[in-house]
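Participant: Attaching a predicted model along with its sequence, questions to come.
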Number of protein chains: 2
Amino acid sequence: MASSPQRIDPTQLSAYFALIEVSSLLRHAVEQQLRDAGDLSYVQFQLLARLGASPSGSYRMTELADGVVYSRSGLTYQAQTLEQRGLVTRSPSVDDDRGTTVTITAQGREVLEQVFPGHIALLTEMLFEPLEPDHVEALADVLGRVRDHLRAAPPRSAAPRRRKAT
Amino acid sequence: MASSPQRIDPTQLSAYFALIEVSSLLRHAVEQQLRDAGDLSYVQFQLLARLGASPSGSYRMTELADGVVYSRSGLTYQAQTLEQRGLVTRSPSVDDDRGTTVTITAQGREVLEQVFPGHIALLTEMLFEPLEPDHVEALADVLGRVRDHLRAAPPRSAAPRRRKAT
DNA sequence: TATTGTTATACTCTATAACTATA
DNA sequence: TATAGTTATAGAGTATAACAATA
């Protein structure tokens, strides 16, 4: 594959390094905040937040997994955990008896609200404080491009979950 | 704690979301590539890469941990793993008998070289392909600011567990 | 047959606390 | 006393494969 040695220039390198360092530090701090404020892992928070943002408060397992890049069993594990804590319910889907519909509970929304302010505060403090409005805009623009690119063209390494080899 | 409800605007929100999504996808893909190409976790790669970039090929445990945000025991664990694979050696530090000096081996450098091309290729493909030079520059600039900010002012949540003010 | 989701299981990684030994 | 690092250990998370039920 890598027969022609590709190269990246110094600017690219520093962009990459900064991206890694910033996202790592941010992620770490956010995980701690979520843990402290609501005993949630980052993934659990993402799942809850998605459900909370849904008009119906529900998603099917598969939909819920989308974008959170998961093995199905991993999602089942988290859904179980959240259900045991009473933050979501799971019930058979109406339209497809194979499916499971996950719904956020009132208690789930409570936890979400309990966690949000600190989350926002942390982002403000860590990510946005040193940035001017046009920096933020540039960041959203550039990373938005990358995100769209990644969504459109998943790299070869990201297997599309379907596997029928022997 | 958060008595005054902070808010973030839509641009900030989309910057944050894009950052999370991009870094997650990138990280995931990179981890897979490193695993496939050299049976390395991302953390192990970072440690090796650091050692490889050091003039002496060595660091003390504590120095090595810096920035990779670790518990000391976690670093010990990884260092052990790498040592067992013959990618690094550990020996008592010369200047301080309490210390341990970690040094990358020839075999460690081999693995690094074995992994680099694919790593670069993946970055090029996933991160840089959709970006113009000034996008990259903007990214490096903005994230560089954030990184400097984070380095300068660790958030309250980041307990200064192992370092005191230097 | 393909798809949805669960279960069983094994493994990696991380964190806390207790411990050893040097400074 | 404080610091460097290791060890013991426990827990969370993830992935793979086998499986059951439904489409």
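Facilitator: The structure has been received and is ready for your questions.

Participant: show me the biggest helix of chain A in terms of residues.
Facilitator: Using DSSP state H, we find that the single longest helix of chain A is helix A:10-38.

Participant: Need the residues that contact the helix or strand of chain A with the lowest mean pLDDT.
Facilitator: Taking mean pLDDT, DSSP states H and E as the measure, helix A:61-65 is the helix or strand of chain A with the lowest mean score, a mean of 93. Identification of contacts with helix A:61-65 by Cβ atoms under 8 Å, 6 or more residues apart in numbering or on different chains yields A:47, A:50-51, A:72, A:75-76, A:79, A:99-100, A:102. From N, CA and C alone the C-beta is placed, and that goes for glycine too.

Participant: from these, which single one is nearest chain B?
Facilitator: Proximity to chain B was ranked across those by Cβ to the nearest Cβ; first place goes to A:R50, at 11.6 Å.

Participant: burial measure for the closest one, as a count.
Facilitator: 17 (other Cβ atoms under 10 Å in any protein chain shown).

Participant: which of the residues in the helix or strand harbouring it are buried?
Facilitator: Taking DSSP states H and E as the definition, one finds A:R50 inside helix A:42-53. Within helix A:42-53, the residues scored as buried using 16 or more other Cβ atoms under 10 Å in any protein chain shown are A:42-51.

Participant: Stretch A:16-32 now?
Facilitator: Going by neighbour count (16+ other Cβ under 10 Å), the buried part of stretch A:16-32 is A:16, A:18-27, A:29-32.

Participant: Run the chain-centre distance for that stretch.
Facilitator: Between the mean C-alpha location of stretch A:16-32 and the chain-wide mean there is a distance of 14 Å, by Cα atoms, centre = their mean, to the nearest Å.

Participant: mean confidence for that stretch?
Facilitator: Here the mean pLDDT over stretch A:16-32 is 95, rounded to a whole number.

Participant: got it, and stretch A:88-98?
Facilitator: pLDDT averaged over stretch A:88-98 equals 97, rounded to a whole number.

Participant: Can you pull out the residues in contact with it?
Facilitator: When contacts are taken as Cβ under 8 Å, 6+ apart, the neighbours of stretch A:88-98 outside the stretch itself are A:47-48, A:51, A:60, A:79, A:82-83, A:99-105, A:108.

Participant: do stretch A:137-156 and chain B meet at all?
Facilitator: Yes. Part of stretch A:137-156 sits close enough to chain B to count as contact by Cβ under 8 Å from any Cβ of the partner chain, namely A:137-150, A:155.

Participant: Any chance you could list what contacts that stretch?
Facilitator: Outside stretch A:137-156, the residues that touch it by Cβ under 8 Å, 6+ apart are A:131, A:160, B:11-12, B:14-15, B:18-19, B:21-22, B:25-26, B:29, B:122, B:125-127, B:129-131, B:135, B:138-139, B:141-143.

Participant: in that stretch, what counts as buried?
Facilitator: Within stretch A:137-156, the residues that count as buried by 16+ other Cβ under 10 Å are A:137-147, A:149-150, A:155.
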